Structures are given as C-alpha cells and as structure tokens.
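S.K.: Attaching a predicted model along with its sequence, questions to come.
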Amino acid sequence: MLEYTLSIKKGPNVPVSQKIDDILKYIKTSSPGQNEFYQATHDVLLSLAPLLEEDSRYIEHNILESIVVPERTIIFRVNWINDAGERQTNVGYRVQFNSAIGPYKGGLRFHPTVNLGIIKFLGFEQTFKNALTGLQIGGAKGGSNFDPKGKSNNEVMHFCQAFMSELYKHIGNKRDIPAGDIGVGDREIGYLFGQYKKLTGGFEGVLTGKALNWGGSRGRKEATGYGSVYFAENYLKVYDKDLKGRRCTVSGAGNVAIYTIEKLYDAGALPISCSDSKGTIYHEKGIHLASLKSIKEIHHKSLEEYILLHPDAVYTPVSQYPEKGHAVWHIPCDVAFPSATQNELTLVDAQKLVENGCILVNEGANMPTTSDAIDYLRKHDVLFAPGKAANSGGVATSQLEMSQNASMSNWTFEEVDIQLRTIMQNVFKTVYDTSVEFGCEGDLVKGANIAGFRKVADSMIDQGSV
C-alpha cells in the first residue's frame with residue numbers, strides 16, 4: 001500500500017473533512033495534469049462525508065487512500081501499418097481499478113482525446129456504477145488515442161489486432177471483460193475478439209457487445225439508452241410526474257443517444273435534438289429516428305446530412321455554439337439527457353436550462369455535467385440523475401451477456417429488456433433509499449456515491465489489505 005504519512009494526517013481525532021482534503025491534495029500532486037480524474041475523485045469523496053462520520057471503519061482501515069489508486073495500470077505501445085504501408089504508433093491503456101466485488105468490467109474507448117487521466121476517471125466511476133447494479137462485477141476502463149474516424153476498415157482491423165496483441169495478456173472471462181465505448185462499436189469488437197481467439201486458441205466470452213451470431217446479447221446495443229429512460233421514469237414517478245408529452249433534449253448521436261431517443265418515443269415523450277462533434281440538430285417536430293439511424297449507424301456521416309433530409313430542422317455548427325456552452329442545452333426543454341461525453345454540460349448551460357424551466361437532467365454519458373453546473377442545478381431545484389446510476393443499464397446488460405455466454409444460451413429481446421427494467425428500478429431504489437437514509441432525500445449524487453462506495457469498501461475490508 002502507498003505510504004501517505006507525509007501528506008495525510010492519521011488518527012481517530014483527524015476530522016473527516018481534513019482527511020478528504022489531504023487525500024485530494026495527494027491525488028493532485030501524484031497525478032498531475034489528470035483533471036478529469038481529480039474531478040471524479042473530488043466529487044465522490046466530498047459526497048461521502050455523511051457516511052464517514054457515521055461509520056469509522058472506512059477511516060480506520062484507510063479505505064479512502066486505497067480506493068482512489070487503481071489495482072493495476074497498464075500502458076503499452078500499439079504499432080500498426082496503414083493502407084500506405086507506413087508504420088503508425090498509438091498508446092494503449094487498461095486501468096484495472098477495483099476487483100473487490102468481481103472481475104474487472106468496463107469499456108474500451110478509441111478517441112484522439114484519450115489519455116491516462118481520462119481512463120482513470122472512467123475506471124474510478126465504473127467501479128461504483130458496477131456496484132450499483134447489484135451484479136458481481138468490478139471496475140475497469142481502457143482504450144487508446146487512436147481515431148477510427150476517416151480510417152478504412154482494413155486500417156481499423158490492423159489497429160485492433162495490434163491493440164489486442166498486447167491487451168490479451170491481461171484479460172479473460174473471469175479476470176477482466178472489456179466492452180465497447182466511444183469509437184468501439186460492433187466492427188471494432190469483432191476485430192478485437194477475432195484476434196483474441198487467434199492468440200489464445202479459445203472461444204470465450206472475454207468481450208461483451210459481440211454480434212448475435214457469435215455470443216452477443218439481444219438488447220445490448222439499446223441497453224444504456226433504454227436504461228437511462230427507465231431511470232428517469234422511476235425518478236419522476238417519485239414526484240408524481242412522467243415523461244409523457246415532455247420535450248426532451250438529447251446530446252450525442254451514438255448508441256446511447258439513438259436509443260435514448262427511441263425509448264423516449266415509446267414513453268410518449270418528444271425528443272427534439274441530437275448532436276455530434278460538428279454540430280447540433282434541433283427538430284421541433286421531433287427527431288426522425290429512421291433518418292438518424294441511417295446517417296449514423298449505416299452511412300457513418302455527419303449530422304449535417306440530417307438537414308438535407310429534413311429542411312425544417314435547424315442545424316447549429318460548433319463554430320456558432322454559445323461561449324463556454326453547448327447549443328443543445330440552450331433549446332427549451334422539460335428534460336435533458338446529456339448522452340455524449342464528459343463535461344459537455346457547463347455552468348452556462350445549466351443557467352439556460354434553469355431559465356427555460358427544465359425539471360430533470362438525466363445523465364446518459366459518463367460525468368457529462370461539470371461540478372459547478374451540478375451545484376447550480378441542485379440549488380435551483382432541478383432534479384439531477386448522475387451517470388453512474390442513470391447510465392448503468394449498459395454494463396448491467398453486458399453482465400447479462402456474460403451470463404448467457406457462461407450457460408451457452410441466448411435470451412430473447414423481451415427477456416433481456418424485462419431484466420434491464422428490473423435492474424434500473426433496483427438501481428434507482430438503492431440510490432434513492434440511500435439518499436433518504438443519510439438525510440438528503442432526492443440528492444441522487446450523494447445517494448449513488450455512498451451506496452456504490454459502501455458496497456465496494458465493505459468488500460475491501462472483508463478481504464483484507466490486498
């Protein structure tokens with residue numbers, strides 16, 4: 001275990017607030033430049049104060065010091081050959097953050113912005129998200145600064161094979177089971193799985209998000225988006241509200257956003273926006289789902305194409321976004337579903353959402369709302385559903401895929417969806433009940449962080465100093 005004596009005061013009389021501050025200072029100095037990781041640990045640790053004041057075991061066993069350090073961090077070089085026959089080099093990562101409650105589980109992200117700090121923040125958040133599902137899975141995350149956009153299928157295949165040629169040494173169906181994330185879809189999972197199978201000589205459920213023909217699960221692609229809407233329905237129900245007739249803004253245009261939009265229509269809501277890296281679509285009559293799927297899932301084009309199909313929609317390019325904000329959150333709405341990437345909803349955006357009468361922000365992405373934006377929303381009585389709870393449907397259904405692989409079975413879409421609904425209902429109940437237990441009813445940020453931390457931390461105490 002790392003020694004913190006130089007910066008962290010110990011002993012029964014050290015106030016919890018000082019203990020937390022000392023650990024956060026240590027993280028800042030030991031992980032310089034990892035702003036997203038610092039943001040994630042800062043937000044989680046501060047929200048744990050009520051639990052730490054009530055139960056001294058976590059301080060006595062130095063769980064805070066341990067839980068913010070990954071069990072294993074793997075960084076490796078990925079050399080691959082492009083279509084011009086030239087060597088290309090990228091950096092690969094796998095952060096196996098915590099296995100106290102089960103084998104490591106978390107996605108792989110291929111995007112030029114990927115760095116160690118982002119992968120660590122994602123792995124840290126994944127640990128508590130997985131705990132909230134009630135399933136026996138630990139937390140991890142991985143990826144590379146490789147950008148699949150603009151690459152041929154052959155180049156993507158060569159990169160995935162080179163990436164897996166190193167990663168395969170560290171994963172396994174009872175050790176670490178990666179999945180997809182931004183930039184890693186059906187195509188990439190297929191190439192990664194094929195290389196793993198070739199290298200190991202075995203056919204096992206080492207990746208989730210696979211195609212149905214070779215071990216995938218029905219409903220996996222839809223799971224995060226559907227689960228996000230199920231969570232929002234449970235949250236609104238507490239306040240005698242629902243989604244029917246609500247105008248909903250959604251960011252993103254990947255799986256999470258597309259299937260959030262699909263399920264919002266099923267719930268009787270009107271999703272009116274989507275976005276990608278180039279701009280935002282606002283369609284007052286409602287996003288045309290078939291057009292969106294065609295543009296993004298089949299042709300892999302920019303949302304600029306949407307305007308050609310629907311000239312009554314409004315397209316705002318990134319160059320015209322509000323300063324320090326995102327155009328999608330300046331569209332009047334009742335419910336907002338940030339479903340693209342981290343820190344996409346800023347304080348400027350939160351102010352506009354409040355001004356426009358938004359009643360709920362439901363995170364479909366990982367940490368998409370900045371800390372100051374969350375504070376502003378909460379102070380103005382906007383309901384807020386944190387991503388580690390609201391978007392946990394994806395990893396939950398990945399575990400259902402693992403169960404199907406283990407039993408050599410294949411469930412129907414309806415069977416998977418019923419289980420997903422139940423899991424999201426249970427996640428909400430766990431988080432909400434925890435908020436009530438600690439005197440902050442309806443504060444799901446504290447409820448989620450305390451509930452997830454408590455399950456992982458209790459398991460760490462049971463298993464000793466390992």
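M.R.: Sure, I can see it.
S.K.: Next secondary structure after the host helix or strand of residue 41?
M.R.: Using DSSP states H and E, the element containing residue 41 is helix 35-47. Using DSSP H and E, the helix or strand that directly follows helix 35-47 along the chain is helix 49-54.
S.K.: List the buried residues for that next one?
M.R.: Under the neighbour-count criterion of 16 or more other CB atoms under 10 Å, helix 49-54 has 49-52 buried. All C-beta spots, glycine's among them, are computed from the backbone N, C-alpha and C.
S.K.: Same list, the residues you listed, but as TSV with pLDDT and distance to residue 22 please.
M.R.: Formatted as TSV, the buried residues of helix 49-54 follow (pLDDT from 0 to 100; distance: CB to CB, whole Å):
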residue	pLDDT	distance to residue 22
49	96	14
50	96	19
51	97	18
52	97	13
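S.K.: and which of those is nearest residue 247?
M.R.: Closest to residue 247 out of these is residue 50 (35.5 Å), distances taken as CB to CB.
S.K.: contacting residues for that closest one?
M.R.: 438-440, 446, 450 (CB atoms under 8 Å, 6 or more residues apart in numbering).
S.K.: Give me the buried entries from those residues.
M.R.: 438, 440, 446, 450.
S.K.: among those, which are in helices?
M.R.: Under the assignment DSSP state H, the buried ones among the contacts of residue 50 contribute 446, 450 to helices.
S.K.: ok, which pair from the buried ones among the contacts of residue 50 is furthest apart?
M.R.: It's 440 and 450 that sit farthest apart of those, by CB to CB, at 9.2 Å.
S.K.: residue ranges of the strands in this structure, please?
M.R.: Ranges of strands in the chain, per DSSP state E, are 72-81, 87-98, 104-110, 138-144, 176-179, 247-250, 270-271, 273-275, 279-282, 314-317, 335-337, 360-362, 383-385.
S.K.: do you know which of those strands lies nearest residue 353?
M.R.: Per CB to CB, nearest to residue 353 of those: strand 335-337, 5.9 Å.
S.K.: quick one: which of the buried residues of helix 49-54 is nearest residue 391?
M.R.: Closest to residue 391, out of all of the buried residues of helix 49-54 and judged by CB to CB, is residue 51, at 23.0 Å.
S.K.: quick one: the closest one and residue 59 touch, right?
M.R.: No - using CB atoms under 8 Å, residue 51 is not in contact with residue 59, being 10.5 Å away.
S.K.: thinking again about what came up before, any chance of the buried residues of helix 49-54 in TSV, with distance to residue 272 too?
M.R.: Listed next are the buried residues of helix 49-54 as TSV, based on distance: CB to CB, whole Å:
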residue	distance to residue 272
49	39
50	38
51	39
52	42
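S.K.: so which of the residues you listed comes closest to residue 201?
M.R.: Using CB to CB, those come closest to residue 201 at residue 51, 46.6 Å.
S.K.: residues contacting that closest one?
M.R.: 58, 438, 450, 453-454.
S.K.: Residue 312 - nearest residue in space that isn't next to it in sequence?
M.R.: Residue nearest to residue 312 in three dimensions, not counting chain neighbours: residue 285, with 6.9 Å by CB to CB, 6 or more residues apart in numbering.
S.K.: ok, how many other residues are close to that neighbour?
M.R.: 10 (other CB atoms under 10 Å).
S.K.: What of the one 4 residues further on?
M.R.: Residues near residue 289, counting by other CB under 10 Å, number 16.
S.K.: residues contacting it?
M.R.: Applying CB under 8 Å, 6+ apart, the residues near residue 289 are 258, 261-262, 265.
S.K.: so how far is residue 66 from the residue nearest the centre of the chain?
M.R.: Nearest to the mean C-alpha position of the chain, by CA atoms, centre = their mean, lies residue 366 at 3.6 Å. Using CB to CB, to the nearest Å, one gets 23 Å for the distance from residue 366 to residue 66.
S.K.: Show me what counts as buried in stretch 455-466.
M.R.: 455-460.
S.K.: hang on, I meant stretch 403-412
M.R.: 404-405, 411.
S.K.: can you give me the helices in the stretch 351-466 of the chain?
M.R.: 371-379, 387-390, 393-407, 413-437, 444-463 (DSSP state H, counting those that start in this stretch).
S.K.: by contact count, what packs against the longest one?
M.R.: In other words, helix 413-437. helix 116-132, helix 220-238, helix 387-390, helix 393-407, helix 444-463 (3 or more CB pairs under 8 Å, 6 or more residues apart in numbering; DSSP states H and E).
S.K.: contact partners of that helix?
M.R.: By CB under 8 Å, 6+ apart, helix 413-437 touches 132-135, 217-220, 223, 226-227, 230-231, 234-235, 238, 389, 392-393, 396-397, 400, 441-444, 446-448, 450-451, 454.
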